[in-house]
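Trainee: Need coordinates for the below:
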Amino acid sequence: MTFHALAGRTEDLALSGKGGEALEMLEKAASQNDPEALFVLAQWCLSGRFVARDLSLSRDFFRRAAEAGNLEAGPVYRAFVANGTGGPPDWQGALRLLKSASPREPQARRQLDLVRKMGLTASGDPLAIPQPEDLSESPQVKLFPSLFTSAECDFIVQNAEPLFSPSVVVDPDTGRDIPNPIRTSEGAAFPLALENPALHALNRRLALASGTLSEQGEPLQVLKYRPGQEYKAHLDALPGVDNQRLFTILVYLNEDYEGGETCFLMSDLRVRGRKGDALLFANSDFYGRTDQRSRHAGLPVIKGVKLLASRWIRARPLDLSGRSPRN
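Mentor: The predicted model follows:
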């Protein structure tokens with residue numbers, strides 16, 4: 001049975017209420033080291049769909065699937081080893097895996113080349129970052145010049161391109177996805193399974209700039225704004241949550257566009273960073289109280305395409321048990 005046939009057959013069984021039969025089929029094939037069965041089990045354990053969510057077991061299934069020859073499993077396993085999903089982070093182990101994969105995987109080779117040019121500790125943390133420029137005290141706004149290199153910005157965009165889709169929200173009346181009336185851009189996100197070692201190292205740099213742990217950050221997003229597109233006035237802080245968004249950090253991934261400034265409405269501070277610059281601002285205080293002066297907008301792009309990386313940073317590490325990150 002081919003991978004698609006196996007995945008489709010077991011999913012159909014599970015959806016028809018025969019989850020036990022589907023799981024038995026997968027486990028039997030996995031016991032014979034079938035790479036596709038191992039990969040499906042890894043996905044199920046990661047998502048919590050059809051079985052209880054178990055990140056440790058998911059990580060192990062991805063490892064076994066990769067070792068058995070599944071080409072999709074290797075990048076996910078390397079991401080988990082680097083960022084510590086389902087087990088302790090092992091930066092040196094992730095680098096060894098990248099080095100081993102690089103002769104046959106161009107993407108692994110590019111990641112390894114990029115990481116080798118970063119100034120990192122043995123555990124993958126940045127040795128230093130640029131000194132920031134204070135732009136505002138209330139809200140607290142800082143600009144880090146050239147936090148990312150041009151090559152790092154290009155790498156992020158290259159990884160995002162296959163993932164871009166229009167920004168949507170759920171219609172409360174129909175339950176269907178509809179165009180986001182506030183953010184009219186396209187977006188791409190990098191959850192932990194897609195946070196490859198190079199992206200993880202960049203997220204650690206964002207953590208150092210914000211004085212937080214990388215585990216406090218929501219998945220890195222990349223936003224693409226075409227002429228006329230914008231992010232209308234909004235607050236990034238969330239109402240009624242225990243683990244508030246303390247900071248937002250934006251990295252300007254290009255500069256060959258017009259318009260598109262980041263504007264703080266109450267002070268009329270407008271920022272248009274150069275490629276690689278990072279803008280950090282506080283959304284709330286350490287008690288979780290929203291700073292209304294952090295209301296901001298991404299002004300409409302006039303010409304060209306604006307590319308921006310964005311990460312929301314919480315007060316505490318995110319709960320990966322399977323509950324929504326808004327909790």
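
Trainee: which residues in the stretch 201-327 of the chain form strands?
Mentor: Taking DSSP state E, counting those that start in this stretch as the test, the strands found in the stretch 201-327 of the chain are 220-225, 231-234, 245-252, 257-259, 262-264, 269-271, 278-282, 296-298, 301-304, 306-314.

Trainee: Could you dump these into TSV and include mean pLDDT and mean neighbour count?
Mentor: To be clear about C-beta, it is placed using only N, CA and C from the backbone, and glycine gets the same treatment. TSV is the format used below for the strands of the stretch 201-327 of the chain (pLDDT from 0 to 100; neighbours: other CB atoms under 10 Å):
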stretch	mean pLDDT	mean neighbour count
strand 220-225	97	22
strand 231-234	94	16
strand 245-252	97	24
strand 257-259	98	16
strand 262-264	97	20
strand 269-271	97	16
strand 278-282	98	24
strand 296-298	97	23
strand 301-304	98	16
strand 306-314	97	24
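
Trainee: between the ones you listed, which gets nearest to Phe62?
Mentor: strand 220-225 (20.4 Å; CB to CB).

Trainee: Can you tell me what sits against the closest one?
Mentor: 156-157, 160, 163-164, 167, 183-190, 195, 199, 202-203, 206, 231, 253, 257, 260, 298, 301, 305-311 (CB atoms under 8 Å, 6 or more residues apart in numbering).

Trainee: mind putting the strands of the stretch 201-327 of the chain in CSV, distance to Gly87 included?
Mentor: Formatted as CSV, the strands of the stretch 201-327 of the chain follow (distance: least, CB to CB, whole Å):
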stretch, distance to Gly87
strand 220-225, 21
strand 231-234, 37
strand 245-252, 27
strand 257-259, 42
strand 262-264, 38
strand 269-271, 39
strand 278-282, 30
strand 296-298, 38
strand 301-304, 42
strand 306-314, 22
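
Trainee: Which of these sits closest to Gly288?
Mentor: strand 245-252 (8.3 Å).

Trainee: Can you list the strands that the closest one pairs with?
Mentor: strand 278-282 (antiparallel), strand 306-314 (antiparallel) (DSSP bridges).

Trainee: Phe247 pairs with what?
Mentor: Ala282, Ile313.

Trainee: State the distance from it to Arg49.
Mentor: Separation of Phe247 from Arg49 (CB to CB, to the nearest Å): 32 Å.

Trainee: Likewise for Pro166?
Mentor: Taking CB to CB, one finds Pro166 at 25 Å from Arg49.
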